[in-house]
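Asks: predicted model and sequence follow; I will ask about them next.
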Amino acid sequence: MLYLDHNATTPPLPAVVSAVAEVLSRHWANPSSPHEAGQAARAVLTQAREQVARFLGCQPVELVFTSGATEANHLALRGAVGHGGRSGLVISAGEHAGVHKLVSALGREGVPVGVIGLHADGGLQLDEAEELIGEGTSLVSVMAAQNETGVLMPTAELARLAHAKGALLHVDATQLVGKLPFDFSRSGADLVSVSAHKFGGPKGVGALIVRKGLNWPALFQGSQERGRRGGTENLPGIVGMAAAVQHSTWTASNWHERSAQLAQLRDRFEARLRACCPEVVVHGAGRPRLPQTSFLRLGHVHADLALQRLAELGACASSGSACSSGGQAPSAVLTAMGVPRDEALCAVRLSFSIDTPPADLLALAESWPRSLADALDSAGTHPHRIPTGAIA
Ligand code: PMP
């Protein structure tokens with residue numbers, strides 16, 4: 001199988017699997033128990049916190065472990081309502097479905113919400129951001145890298161705009177961490193969400209980084225995580241997350257070279273695909289984007305057919321965010337970019353990793369359009385152009 005869905009989730013590293021198994025069998029005690037077994041589990045938790053903090057460029061006390069990025073985002077956004085006497089939230093139109101649903105619910109509760117639009121190429125409309133961020137804004141929340149297009153968002157500029165108005169900046173760095181270097185201490189952000197399963201760790205664990213000195217309210221009351229997240233700590237998950245950062249093959253000295261290598265592979269893949277199928281459209285291609293993400297359509301071929309043919313060729317990809325795929329609704333981010341519905345329904349996201357064999361990916365750039373052309377020829381349809389929904 002050629003796995004091309006690394007933005008949905010990544011395979012756990014072998015060291016992660018053994019670290020999780022070891023904690024389950026040896027350190028199953030409650031880290032809050034005062035007895036010896038509990039204190040041994042506490043020591044493991046402390047070490048894992050230090051390792052994750054070092055990797056993310058934050059202090060151990062700034063880390064609040066959560067069940068993943070969805071919870072971290074909720075902790076950030078809900079906590080911002082009323083913070084410092086302000087309630088306004090400003091997000092971008094490209095945020096994760098969970099964030100959109102949360103701010104809709106908060107909006108119904110009376111929280112003022114502003115949504116920054118996207119340009120047709122997937123970039124953020126910074127002039128609109130400047131207009132929306134005001135004296136009543138408590139928090140600006142934006143992804144570091146868009147999960148479907150991979151487009152990198154201007155978080156440093158947003159930090160300046162937010163701080164100039166006395167607002168905080170929350171960055172959902174779920175898709176960036178593990179793909180490009182990230183250092184909280186230099187990011188300009190006040191709060192940052194991350195999720196372990198996007199960088200070789202287990203599912204169901206992540207963190208919200210809360211800048212030291214910010215007094216942040218909990219979603220779940222309890223004494224754990226300095227009162228910021230009640231509930232017995234998910235020690236196997238947290239240790240698995242720490243193992244993912246400890247055993248990552250990305251190091252400070254090879255980041256640059258490796259991301260350039262990935263970007264080159266992505267560009268070769270897209271160029272070869274275009275040579276076989278001139279009607280290829282790559283969404284977000286004009287902007288700086290993640291080096292391993294291609295969000296594209298092959299002319300007017302519906303994503304269902306495109307994915308079916310990919311599957312027959314032994315490759316797994318998705319028609320956008322795993323959290324919203326499977327429905328008939330077009331991608332929200334493409335809609336925000338002004339892509340018409342029938343074109344948006346053709347979008348397929350391929351996201352690979354440094355371990356993806358280049359030869360396999362490049363071979364797919366030829367076999368995939370050929371396979372689609374065969375399917376469309378036998379259906380008696382114009383190659384690459386079928387009415388949307390014609391083939392489910
Ligand atoms: N934010 C972004 C940008 C994501 O891509 C995802 C996962 N698709 C999430 C949040 C949710 O992460 P989790 O699965 O850890 O809840």
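Replies: Received it, and whenever you're ready, just let me know what you need.

Asks: quick check: residues of the stretch 151-300 of the chain near the ligand?
Replies: 172, 174-175, 195, 206 (Cβ under 6 Å from any ligand atom). Backbone N, C-alpha and C define where each C-beta goes, glycine included.

Asks: who wins on neighbours among those?
Replies: Asp172 (34 neighbours; other Cβ atoms under 10 Å).

Asks: contacts made by stretch 39-52 with the rest, please.
Replies: 23, 27-33, 60, 63, 65, 207, 233, 235, 238-239, 241-242, 245-246 (Cβ atoms under 8 Å, 6 or more residues apart in numbering).

Asks: rerun at 10 Å
Replies: 19, 22-23, 26-34, 58-63, 65, 194, 196, 201, 205, 207, 209, 224-225, 233-235, 237-246 (Cβ atoms under 10 Å, 6 or more residues apart in numbering).

Asks: quick one: the helices in this structure, in order.
Replies: Shown for the chain, the helices assigned by DSSP state H span residues 14-26, 36-56, 69-80, 97-108, 126-132, 155-164, 184-187, 235-246, 255-276, 303-312, 332-336, 341-344, 358-378.

Asks: before we move on, back to that, of all the residues of the stretch 151-300 of the chain next to the ligand, which two lie farthest apart?
Replies: Distances among those were taken as Cβ to Cβ; the most separated pair is Gln175 and Gly206, at 12.3 Å.

Asks: identify the contacts common to the two.
Replies: 69, 194-195, 198.

Asks: could you check the distance from Leu45 over to the ligand?
Replies: According to Cβ to the nearest ligand atom, to the nearest Å, Leu45 and the ligand sit 20 Å apart.

Asks: residues near that residue, how many?
Replies: 22.

Asks: so which of the shared contacts of Gln175 and Gly206 is the most crowded?
Replies: With neighbours taken as other Cβ under 10 Å, the top of the shared contacts of Gln175 and Gly206 is Val194, carrying 32 neighbours.

Asks: which strand residues bridge the residue lying closest to that one once chain neighbours are set aside?
Replies: Leaving aside its sequence neighbours, Val194 sits nearest to Val177 (Cβ to Cβ, 6 or more residues apart in numbering; 5.0 Å). Listed by DSSP bridges, the beta-bridge partners for Val177 are Leu180.

Asks: so Val177 touches Met143, yeah?
Replies: No. Assessed by Cβ atoms under 10 Å, Val177 is found out of contact with Met143, at 11.5 Å.

Asks: which neighbours do the two share?
Replies: Counting by Cβ under 10 Å, 6+ apart, the residues touching both Val177 and Met143 are 69, 193.

Asks: alongside the ligand, which residues does the stretch 1-150 of the chain contribute?
Replies: Counting by Cβ under 6 Å from any ligand atom, the stretch 1-150 of the chain sits next to the ligand at 68-70, 96, 143, 147.

Asks: got the helices of the chain as JSON lines, with mean pLDDT columns?
Replies: What follows is those, written out as JSON lines (pLDDT from 0 to 100):
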{"stretch": "helix 14-26", "mean pLDDT": "98"}
{"stretch": "helix 36-56", "mean pLDDT": "98"}
{"stretch": "helix 69-80", "mean pLDDT": "98"}
{"stretch": "helix 97-108", "mean pLDDT": "98"}
{"stretch": "helix 126-132", "mean pLDDT": "98"}
{"stretch": "helix 155-164", "mean pLDDT": "98"}
{"stretch": "helix 184-187", "mean pLDDT": "97"}
{"stretch": "helix 235-246", "mean pLDDT": "98"}
{"stretch": "helix 255-276", "mean pLDDT": "96"}
{"stretch": "helix 303-312", "mean pLDDT": "96"}
{"stretch": "helix 332-336", "mean pLDDT": "97"}
{"stretch": "helix 341-344", "mean pLDDT": "96"}
{"stretch": "helix 358-378", "mean pLDDT": "92"}
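
Asks: could you list every residue that touches Thr155?
Replies: Thr155 makes contacts with 124, 140, 142-145, 162, 169-173, 176, 187-189, 192, as judged by Cβ under 10 Å, 6+ apart.

Asks: what about 8 Å?
Replies: Applying Cβ under 8 Å, 6+ apart, we find Thr155 in contact with 142, 144, 169, 171, 187-189.

Asks: now, which of the shared contacts of Gln175 and Gly206 lie within strands?
Replies: Counting by DSSP state E, the shared contacts of Gln175 and Gly206 place 194-195 in strands.

Asks: same list (the shared contacts of Gln175 and Gly206) but as a markdown table, adding distance to Leu376.
Replies: Converted to a markdown table, the shared contacts of Gln175 and Gly206 look like this (distance: Cβ to Cβ, whole Å):
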| residue | distance to Leu376 |
| --- | --- |
| Ala69 | 38 |
| Val194 | 42 |
| Ser195 | 38 |
| Lys198 | 35 |
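
Asks: which one of the shared contacts of Gln175 and Gly206 is nearest Cys277?
Replies: Closest to Cys277, out of all of those and judged by Cβ to Cβ, is Lys198, at 29.8 Å.

Asks: surely that closest one touches Gln175?
Replies: Yes. With contact defined as Cβ atoms under 8 Å, Lys198 reaches Gln175; the gap is 6.5 Å.
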